[in-house]
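Colleague: fold the following for me, if possible:
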Amino acid sequence: MVTLKIEKLVKVLSEKGISDVRVLQAMLEIPRHEFLDGVFDAQAYEDMSLPIGHKQTISQPFIVARMTELLISETAFVDRPLGEVLEIGAGCGYQTAVLSKICRKVFAIERIEQLCAVAKKNLNDGLVGRTPWHQDAGVMNKKGQKGTELITCWIPFTKTRIENGCMLAVKESHKFGLVNHDFGSKGQVEVRGKEIIDKLSTVPLEADVGDIILLNRYLLHCSLPNKSKNFRISMDLRYNKAGQPSGRDPLPNFIVKSKNKNNIKVKNYKQWIALWEKAKVKCIPRKWSYKYPLPTFKGSERDLPNII
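Modeller: Numbering: from 1, shown residues only. Okay, here's the model as predicted:
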């Protein structure tokens, strides 16, 4: 239900003139109701300002989106994340959270001590950047869930520790088989009845640069909130047997190794980029009628790390 409300709000923002894909995506990913007192849940996804105490309000979503869009338009980095941004007047942290989806680093100032504490709690509780409890098989479609033998290779590009949001896994949960998943408040797929997991034995998966963590498709895992001042950067690669469905139809999948060389379709980075460009057409427009301006890759191979 919450996901539908967020999507409806984003559609309203698009109809009112917000067109930048990054802003719309950020607004889609941040659950506004979690920055408000529970009594305002019914109005959380209306395009209106609401009181947050101390004679202050959470800004109207259109204003948040428009300010963010204007900020982006004033920079030269059209297809890249913004650098460091200073926000004056953080309030409950909602605008800060939206900016965090677009900027490399956000500094926020709030003069009212009580609101500053609220904003810190909202952001540190994992509203930004935390991945909920799930199994990798649980985020696949039905075809993938039925028989695809999947293994995930999780690769950190920075040290991952508890304080900067390392992964957390449930011991021996790969023996559970597939559990039920639902769409959570942020539109992400997560385990249904996740409060049960808190009673199970968990272990943090801290790692250094150069490590690789291999995940069974049924392993229950999540990421902790990043409470540090720095990004935790990682990537994951998913491998399954040739001929089995990837379980994520819009995303690129291709054979990377085969005895029959004719099966290998991707032989260089340009072909790989082309697959992702095609995938964006399927993924980004989602189910709304408006069209997103799609960023395109026009650089050289050396520029690739700056764009991903």
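Colleague: alpha carbons only for contacts and neighbour counts from here, please
Modeller: Fine.
Colleague: count of neighbours near E7?
Modeller: For E7, the neighbour count with other CA atoms under 10 Å is 19.
Colleague: so when I look at it, I'm seeing a strand, right?
Modeller: No - in this structure, E7 is helix, not part of a strand, as judged by DSSP: H, G, I helix; E, B strand; the rest coil.
Colleague: chain neighbours aside, what residue packs nearest to it?
Modeller: For E7, ignoring the flanking residues on the chain, the nearest one in space by CA to CA, 6 or more residues apart in numbering is L28 at 6.6 Å.
Colleague: show me what contacts the nearest residue to R161 once chain neighbours are set aside?
Modeller: Take R161 and drop its neighbours on the chain: the residue closest to it by CA to CA, 6+ apart is E206, 5.0 Å away. Applying CA atoms under 8 Å, 6 or more residues apart in numbering to E206 gives the contacts K159, T160, R161, I162, C166, M167.
Colleague: among the residues you listed, which pair sits farthest apart?
Modeller: Using CA to CA, these span at most 11.8 Å, a distance reached by K159 and M167.
Colleague: who has more neighbours, the two?
Modeller: More neighbours surround M167 than the other of K159 and M167, with 23 against 17 (other CA under 10 Å).
Colleague: contacting residues around that one?
Modeller: Counting by CA under 8 Å, 6+ apart, M167 makes contact with P204, L205, E206, H221, C222, S223, L224.
Colleague: kindly report the same for C153.
Modeller: Contacts of C153 (CA under 8 Å, 6+ apart): I212, I213, L214, L215, D236, L237, R238, Y239.
Colleague: so which helix or strand takes in L70?
Modeller: helix 61-73 (DSSP states H and E).
Colleague: by contact count, what packs against that helix?
Modeller: helix 2-15, helix 21-29 (3 or more CA pairs under 8 Å, 6 or more residues apart in numbering; DSSP states H and E).
Colleague: and it, C-alpha only, in CSV?
Modeller: Below are the C-alpha coordinates for helix 61-73, written out as CSV (Å, rounded to 0.1, in the frame of the first residue of the first chain):
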residue,chain,number,x,y,z
PRO,A,61,7.3,17.2,-1.8
PHE,A,62,7.1,19.4,-5.0
ILE,A,63,9.3,22.0,-3.3
VAL,A,64,11.8,19.3,-2.2
ALA,A,65,11.9,17.9,-5.7
ARG,A,66,12.1,21.3,-7.4
MET,A,67,15.0,22.6,-5.2
THR,A,68,16.9,19.4,-5.9
GLU,A,69,16.3,19.6,-9.6
LEU,A,70,17.4,23.3,-9.7
LEU,A,71,20.6,22.3,-7.8
ILE,A,72,21.4,19.6,-10.4
SER,A,73,20.7,21.9,-13.3
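Colleague: pull out the buried positions in it.
Modeller: Buried residues in helix 61-73, counting neighbours by 16 or more other CA atoms under 10 Å, are found at P61, F62, V64, A65, R66, T68, E69, I72.
Colleague: save the helices and strands packed on helix 61-73 as a markdown table, and put in mean pLDDT and distance to G91 too.
Modeller: A markdown table is the format used below for those (pLDDT from 0 to 100; distance: least, CA to CA, whole Å):
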| stretch | mean pLDDT | distance to G91 |
| --- | --- | --- |
| helix 2-15 | 85 | 21 |
| helix 21-29 | 86 | 17 |
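Colleague: out of these, which is the most enclosed?
Modeller: Mean neighbours per residue, mean count of other CA atoms under 10 Å, is largest over these for helix 21-29, with a mean of 21.
Colleague: specify the angle between that helix and helix 61-73 in degrees.
Modeller: 150 degrees (axes from the mean of the first three to the mean of the last three CA atoms, to 10 degrees).
Colleague: who are the packing partners of helix 21-29?
Modeller: The contact analysis (3+ CA pairs under 8 Å, 6+ apart) places helix 21-29 against helix 2-15, helix 61-73, helix 94-100.
Colleague: the first one to helix 61-73, inter-axis angle?
Modeller: In this case it means helix 2-15. Going by the same axes, to 10 degrees, helix 2-15 makes 60 degrees with helix 61-73.
Colleague: mind checking the helices and strands packed on helix 61-73 for the one nearest to N262?
Modeller: Among the helices and strands packed on helix 61-73, the nearest to N262 by CA to CA is helix 21-29 (37.4 Å).
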